[in-house]
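1. A structural model of the following input is requested.
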Amino acid sequence: MTADSTAETSEQPLPLADLIAAASGDEPALTWRERGERIELGWTTLRTWAEKVAGWLRDDVEREPSDVLAVDAGRHWMGVAAVLGAWRARVAVRLGPARPGEAAVVAEDRSAASDADPDALLVVGPGGFGAPEAPLAAGEPFTTVVTPMPDASHAPRPHERDVAVVDPDGADAEPLTQAAVSRAAHVAAVAAGTTRGARLASVVPTDAVAGLVIGPLAAWASRGPAVLVGEGPGEDPVALAAAERASLLVARPDQAAALVGTDAAEGDGRPLRVAALECRVQHGAVAVRPA
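-> Below is the predicted model of the structure:
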């Protein structure tokens, strides 16, 4: 079938508010592999991180549903947790540099130049645990601030009409609602050919709408764990995905051309498939289709 933003799936799209709440326990939800490091979060742990970020936004820096959290943390897993926490708090996300006065979660090498509210700036270091490597010129370490927050934020339940992403992909475009992003995630799962509960790996950076939709959100929409793998110097994303026993690796078309046919494309005795997806934001919707 051809999948796009209007495609139907066999199940009703699960709202973003329920993507994490739908599963529980210590089964893997998100695995991050990059720079020789591996971080794995179970469903309960991932949900707890989202609740803590939501609590920070609502209680510490007093952000309202009409406010924005800028997430400019590259492809770090803490950026994904920050996005989920913002949506949990009914706060919209800007994927990229903050505008003046906005709360922000920013990579360490971008923090000094950030226009974020200096009292609402959290910094993520490059390693798996996000610890900054040097004294910060601005902001506070993400883990130092977020870890002590309560495990439950008691934020009002998000609504599908809440704004999820403003200025998607850096353009002055119509914002995306939680319903639009959730719908796109389900379409991406169908377009990639995922099966319920399967491990879906992604090499697409999560610092843009496409990376979130065809990566972790598509995995969770199909009730499976997400695996995020890097493609930097010395990294083999196919080998990393195979080592995680993923059966599918989603990529942008330009990435897929370099990955298909790699000798390492075997995981746990099963062939690792590479699926190339295109993801475009247009008119307040996200169109997803096989490349």
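2. check contacts around residue 275.
-> For residue 275, the set of contacting residues under the criterion of Cβ atoms under 8 Å, 6 or more residues apart in numbering consists of 191, 192, 193, 248, 249, 250, 251, 256, 290. The C-beta positions use only the backbone N, C-alpha and C, and glycine is treated the same way.
3. mind listing which of these are in helices?
-> When these are checked against helices (DSSP state H), the matches are 191, 192, 256.
4. report pLDDT for the closest residue to residue 147 other than its chain neighbours.
-> The spatial neighbour of residue 147 that comes closest, neighbours along the chain excluded (Cβ to Cβ, 6 or more residues apart in numbering), is residue 52 at 7.1 Å. Here, the pLDDT recorded for residue 52 equals 96.
5. could you pull out the strands for the stretch 1-150 of the chain?
-> When assigned using DSSP state E, counting those that start in this stretch, the strands of the stretch 1-150 of the chain occupy the ranges 28-34, 37-42, 68-72, 92-95, 103-107, 121-124, 140-141.
6. of all these, which lies closest to residue 131?
-> Taking Cβ to Cβ as the measure, these were each checked against residue 131, and strand 140-141 came out nearest at 6.6 Å.
7. counting by contacts, list what the closest one packs against.
-> Contact partners of strand 140-141 among helices and strands, from 3 or more Cβ pairs under 8 Å, 6 or more residues apart in numbering; DSSP states H and E: strand 121-124.
8. give the pairing partners of the strand it packs on; include direction for each.
-> Using DSSP bridges, the strands paired with strand 121-124 are strand 103-107 (parallel), strand 140-141 (parallel).
9. who touches that strand?
-> Outside of strand 121-124, the residues that reach it under the criterion Cβ under 8 Å, 6+ apart are 56, 73, 76, 78-79, 82, 98, 103-108, 111, 114, 130, 132, 136, 138-142, 145-146.
10. okay, that strand in CSV with CA atoms only?
-> Presented in CSV, the C-alpha positions along strand 121-124 are these (Å, rounded to 0.1, in the frame of the first residue of the first chain):
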residue,chain,number,x,y,z
LEU,A,121,18.1,26.3,30.4
LEU,A,122,19.2,22.7,30.9
VAL,A,123,22.4,21.4,29.3
VAL,A,124,23.1,17.9,28.0
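11. can you tell me what sits against stretch 153-161?
-> Counting contacts by Cβ under 8 Å, 6+ apart, the residues outside stretch 153-161 that touch it are 15-17, 51-52, 54-55, 58-59, 87-90, 177-179, 182.
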